[in-house]
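> What follows is a predicted protein model with its sequence.
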Amino acid sequence: QVHVVESGGGLVQPGGSLRLSCAASGRIVSTNDMGWYRQVPGKQRELVAKITHGGSTDYADSVKGRFTISRNNAKSIVDLQMNSLKPEDTAVYYCNIWIGQWEGTEMRDVEYWGQGTQVTVSS
């Protein structure tokens, strides 16, 4: 089994900063693509940022220059540093991790999601 646990989030004023962290543990052979998504009520979940095992990153246009994604491959951790937060960043944030694990005699890439953490940007 694999467990994915998020931490961070909360209430912050516009212009402030928050750091989200997500750690995977359990039967992990490798961690592949890792990312953060967010969702507001009534809308689809959207990609915020993602990072490959080699460290290549991709960001939503709305967060470029303000958010930074990073990872620790040895500890299966992915972080999201969020600066200059805006009210429109308010959402539930989910981490997403693709994990290589054995299923019988086959190595498979399996997708896992964190439980979600609320980020509220308001004065």
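Yes, it's here.

> Not counting sequence-adjacent ones, nearest residue to Gly10?
Leaving aside its sequence neighbours, Gly10 sits nearest to Leu18 (C-beta to C-beta, 6 or more residues apart in numbering; 6.5 Å). C-beta here means a position set from N, CA and C on the backbone, and glycine is covered the same way.

> what residues are up against that neighbour?
Residues near Leu18 by C-beta atoms under 8 Å, 6 or more residues apart in numbering: Gly8, Gly9, Gly10, Val12, Met82, Leu85, Val119.

> okay, now the fifth one: neighbour count?
It stands for Met82. Counted by other C-beta atoms under 10 Å, the residues lying close to Met82 total 26.

> ranges for the strands of this protein?
For the chain, the strands defined by DSSP state E cover 2-7, 10-12, 18-26, 30-39, 46-51, 57-59, 67-72, 77-82, 91-103, 106-113, 117-121.

> Find the nearest non-adjacent residue to Ser7, please.
Distances taken as C-beta to C-beta, 6+ apart put Ser21 closest to Ser7, at 5.0 Å, once the chain neighbours are dropped.

> my read: that neighbour touches Gly9, true?
No. Contact criterion C-beta atoms under 8 Å: Ser21 and Gly9 do not qualify, at 9.7 Å.

> and Val110, what does it touch?
Val2, Trp98, Ile99, Gly100, Gln101, Glu103.

> That one bridge partners, please.
Beta-bridge pairing for Val110 (DSSP bridges): Ile99.

> so how far is Gly42 from the closest residue to Val78 other than its chain neighbours?
Spatially, and ignoring its direct neighbours in sequence, Val78 is nearest to Met34 (4.0 Å; C-beta to C-beta, 6+ apart). Met34 sits at a distance of 27 Å from Gly42 (criterion: C-beta to C-beta, to the nearest Å).

> who has more neighbours, these two?
Just comparing Met34 and Gly42: by other C-beta under 10 Å the higher neighbour count belongs to Met34, 26 against 5.

> Give me the below-cutoff pLDDT ranges for this protein.
Across the chain, nothing is flagged by pLDDT under 70.

> Tell me which residue lies farthest from the centre of it.
Of all residues in the chain, Thr105 has its C-alpha farthest from the mean position, at 29.6 Å, by C-alpha atoms, centre = their mean.

> Good, we can wrap up now.
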